[in-house]
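# starting from these lines, generate the structure:
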Amino acid sequence: MSVTLLGPQRRPTVDQVVRAVDPDVPLATVTAGWQEREPDDAELDALLGGRSINLGLYARLLDIQDRDRELAIAELDHRTLLDELRQLHLVQLESALGALHALAQRSGERPQAIEDALADAEAVVRLIDERHIERVHAANEDFAHTYSLEERPAVVEHRGDVLGILEQAGGLVIAGGHVGVLLRALHFFRVAALVPPMVIAWSAGAMALTEKVVLFHDRTPQGPTPAEIFDRGMGVIRGVVVLPDARRRLIVDDPIRMSALARRFAPAECVILDPGVRLDLPPAGGLPPGARVIDPEGRIVALEAA
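Below is the predicted model:
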């Protein structure tokens, strides 16, 4: 599979990626993260050479809700449960990350003792992360089983349509937008089950390709917020945490915060996807030389060739 990750497309570069692709190859697109603006993809279609087919995942979700009111009501309750799990996760993270940051700032004559305590604190944070994502996954599985999604006519119809488009597509292009809505749509319609041989994604779309989707923002009006694992991603790419627009959203000159972020998700690499970035991932996995990542000391560095 060919996978290309791009930085935010405020100044589009996706057209440069598809120039080498056979112009007769149809490209399935996902703009569900745009929500109500999902159909406003004329500019994207032009950049892709006029051969895109929008999967229309957001519109399909709305149609299912209109046709299956029982499922719509149940899903609203399910969203409330997921939001409660997220809030509880943030409460746990607040104290655990506070301890981690306090230890990272300590110095003394016995650095090994500090490093051991720091490793213990990191283990606690990782445990909180793993238990949260397990609970989210279990809740999603329970919802799918309880409401027999495999048997509901509207769901079966739309899943079949999406599968048919993906079977004919030579590539999949996933745009950004609201990462929660995008991820929900991708999971609901099981897009990961039939990914075409070429994938191009940026911003939230790039995040969705990973094993674990991490939300982050140090520059909110309320001040820095803890990075949080939101949900499992599609798992198309592994060993990577994608950080779109990182220089604008992270306090990159705070080595303690940056180091904590990198060490928390290690051995996965925290990859910087700023505007203009293009990463063509190696077929064997991993990242290409030159990819910019956060190292354990909290610095943004370029990977060297192995």
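
# list the residues that contact the residue most central in space within the chain.
A centroid search over the chain (Cα atoms, centre = their mean) returns Met207, at 2.4 Å, as the residue closest to the centre. Going by Cβ atoms under 8 Å, 6 or more residues apart in numbering, Met207 touches 179, 213-214, 233, 242, 244. Backbone N, C-alpha and C define where each C-beta goes, glycine included.

# now do it, the pLDDT please.
On the pLDDT scale, Met207 is placed at 98.

# next, format the contacts of Met207 as TSV and append distance to Pro224.
Below are the contacts of Met207 laid out as TSV (distance: Cβ to Cβ, whole Å):
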residue	distance to Pro224
Val179	19
Val213	19
Val214	15
Gly233	24
Val242	19
Pro244	17
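
# which stretches in the chain count as strands?
2-6, 27-30, 52-54, 171-174, 198-202, 212-220, 223-232, 240-244, 269-273, 278-280, 292-294, 300-302 (DSSP state E).

# turn the ones you listed into TSV, columns for distance to Ile133 and mean pLDDT.
What follows is the strands of the chain, written out as TSV (distance: least, Cβ to Cβ, whole Å; pLDDT from 0 to 100):
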stretch	distance to Ile133	mean pLDDT
strand 2-6	22	96
strand 27-30	22	98
strand 52-54	30	97
strand 171-174	21	98
strand 198-202	21	97
strand 212-220	7	93
strand 223-232	5	91
strand 240-244	13	97
strand 269-273	17	97
strand 278-280	25	96
strand 292-294	21	97
strand 300-302	26	96
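
# select, out of those, the one closest to Ala96.
Nearest of the strands of the chain to Ala96, taken as Cβ to Cβ: strand 223-232 at 9.0 Å.

# related to what we said a few turns ago, neighbour-wise, which of the contacts of Met207 leads?
Neighbour counts for the contacts of Met207, by other Cβ atoms under 10 Å, peak at Val242, which reaches 28 neighbours.

# residues contacting that residue?
Neighbouring residues of Val242 by Cβ under 8 Å, 6+ apart: 5, 206-207, 209-210, 214, 271, 273.

# residues in contact with Asp295?
262, 301.

# tell me the pLDDT of it.
On the pLDDT scale, Asp295 is placed at 96.

# phi, psi for it please.
Taking degrees, to the nearest 10, you get phi -90, psi 170 for the backbone angles of Asp295.
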